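Asks: quick one, structure for this:
(one chain, ligands or ions: 1)
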Amino acid sequence: MSLLTEMHKETGVAIVTLDRPDRHNAIDLETAGELAAAWREFRFDDTVRAIVVTGAGTRAFCTGIDRSADVPQPASPYSIDDPLLTIGPKANDLWKPVIAAVNGMACGGAFYLIGEAEFVVADETATFFDPHTTYGMVSAYEPILMAQRMPIGEVARMALMGTAERISARRAYETGLVSQVTGPGQALEAALDCARVIASYPTEAVQGTVRAVWAAKEAARAHAFAQAPHLLALGSLPPERQAELFAARRSGPGLGHRVR
Ligand SMILES: CC(C)(COP(=O)([O-])OP(=O)(O)OC[C@H]1O[C@@H](n2cnc3c(N)ncnc32)[C@H](O)[C@@H]1OP(=O)(O)O)[C@@H](O)C(=O)NCCC(=O)NCCSC(=O)/C=C/C[N+](C)(C)C
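Replies: Model (predicted):
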């Protein structure tokens with residue numbers, strides 16, 4: 001198990017923790033399956049009324065998809081059947097509010113969790129970046145999700161300048177990606193406070209409201225997502241070349257050390 005789930009039935013709050021701290025909570029296929037199963041379970045569990053998602057440890061919330069050479073990768077990474085596309089709550093039809101407690105680095109596929117959360121509470125030391133292009137992969141889905149919360153120019157800078165453009169929690173707050181910045185080590189408690197308040201409201205009204213907000217942007221998101229597989233297939237390097245670049249980059253000068 002690489003995902004921990006905790007239910008607090010007295011408050012109606014569930015906590016989901018990505019539990020791979022030695023890999024900065026990167027998501028492999030097993031974790032992806034566990035995430036999708038957890039969102040579906042919460043959907044049908046009436047005792048769960050709000051969910052907090054976070055990462056184990058203090059370094060990272062999640063560094064996206066696990067790109068280690070020894071980890072199986074999806075058979076069809078550019079198809080809509082890619083299991084990594086269902087790691088978010090909304091992809092699993094979960095309309096209960098989700099609060100992301102970002103306790104460190106968040107990059108790449110982590111934006112699936114942040115972008116599909118209602119609230120994003122970030123530790124002031126957290127940073128955000130999108131490294132896809134550094135190893136020759138089109139960044140498609142993440143910018144689409146980010147663009148729902150941030151100005152387009154800001155999204156483009158993060159997606160295209162992954163190496164140099166990490167943004168701080170404060171900058172992420174200014175752009176609208178983050179809803180609250182906390183002191184060091186306080187993101188989870190602040191996210192739980194938020195979740196407990198929302199969980200105390202009548203759940204049907206809360207879920208209807210979440211759906212209304214998503215309905216407002218659903219057409220644009222679905223239209224953009226429909227183009228993503230073609231853009232990925234057209235612009236990305238072959239997987240083996242990406243793996244080479246990923247490995248070379250990892251042993252290089254490092255990624256995203258300048259924080260804006
Ligand atoms: C710059 C990073 C994030 C942090 O650097 P660092 O120097 O602070 O930490 P270090 O590199 O030593 O990392 C500690 C160990 O964790 C392993 N790690 C971290 N992230 C990953 C990862 N994503 N995949 C596999 N392994 C990871 C790292 O290898 C270290 O292990 P060892 O101690 O060497 O055994 C730096 O870690 C980094 O660049 N990470 C990779 C970030 C990345 O490129 N992620 C992929 C993003 S693309 C994506 O998510 C696509 C999603 C598409 N979609 C959802 C649509 C399917």
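
Asks: contacts and neighbour counts: CA atoms only from here.
Replies: Noted.

Asks: enumerate the residues of the chain near the ligand.
Replies: 22-24, 26, 63-68, 84-85, 108-109, 131-132, 141, 250, 255 (CA under 6 Å from any ligand atom).

Asks: PyMOL command for the buried members of these?
Replies: A single PyMOL command suffices to select whichever of those are buried according to 16 or more other CA atoms under 10 Å:
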select buried, resi 24+26+63+64+65+66+67+84+85+108+109+131+132+141+255
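
Asks: name the nearest residue to residue 72, ignoring sequence neighbours.
Replies: Nearest residue to residue 72, sequence neighbours excluded (CA to CA, 6 or more residues apart in numbering): residue 29, at 7.3 Å.

Asks: am I right that the one you found is in contact with residue 77?
Replies: No - Residue 29 is beyond contact range of residue 77, at 11.7 Å (criterion: CA atoms under 8 Å).

Asks: hey, where'd the strands end up in the stretch 51-200 of the chain?
Replies: 60-62, 98-102, 105-107, 119-123, 127-129, 167-168, 180-182 (DSSP state E, counting those that start in this stretch).

Asks: same for the last one, what does it pack against?
Replies: If contacts are counted by 3 or more CA pairs under 8 Å, 6 or more residues apart in numbering; DSSP states H and E, strand 180-182 sits against strand 119-123, helix 169-175.

Asks: and the ones you listed, which is most packed in?
Replies: strand 119-123 (a mean of 28; mean count of other CA atoms under 10 Å).

Asks: what lines up beside that one in the sheet?
Replies: Sheet pairing here is set by DSSP bridges, and for strand 119-123 it gives strand 98-102 (parallel), strand 180-182 (parallel).

Asks: what residues of the one helix or strand residue 207 maps to count as buried?
Replies: Secondary-structure assignment from DSSP states H and E places residue 207 in helix 203-235. If you call a residue buried by 16+ other CA under 10 Å, then helix 203-235 has these buried ones: 203, 206, 207, 210, 211, 214, 221, 225, 228, 229, 231, 232.

Asks: and stretch 2-16, which residues are buried?
Replies: So stretch 2-16, judged by 16+ other CA under 10 Å, has buried residues 2, 3, 4, 5, 11, 12, 13, 14, 15, 16.

Asks: what's the span of it, first residue to last?
Replies: Using CA to CA, to the nearest Å, the span of stretch 2-16 from its first residue to its last is 11 Å.

Asks: which residues touch that stretch?
Replies: 17-20, 30-31, 34-35, 38, 47-54, 192, 195-196, 199-200 (CA atoms under 8 Å, 6 or more residues apart in numbering).
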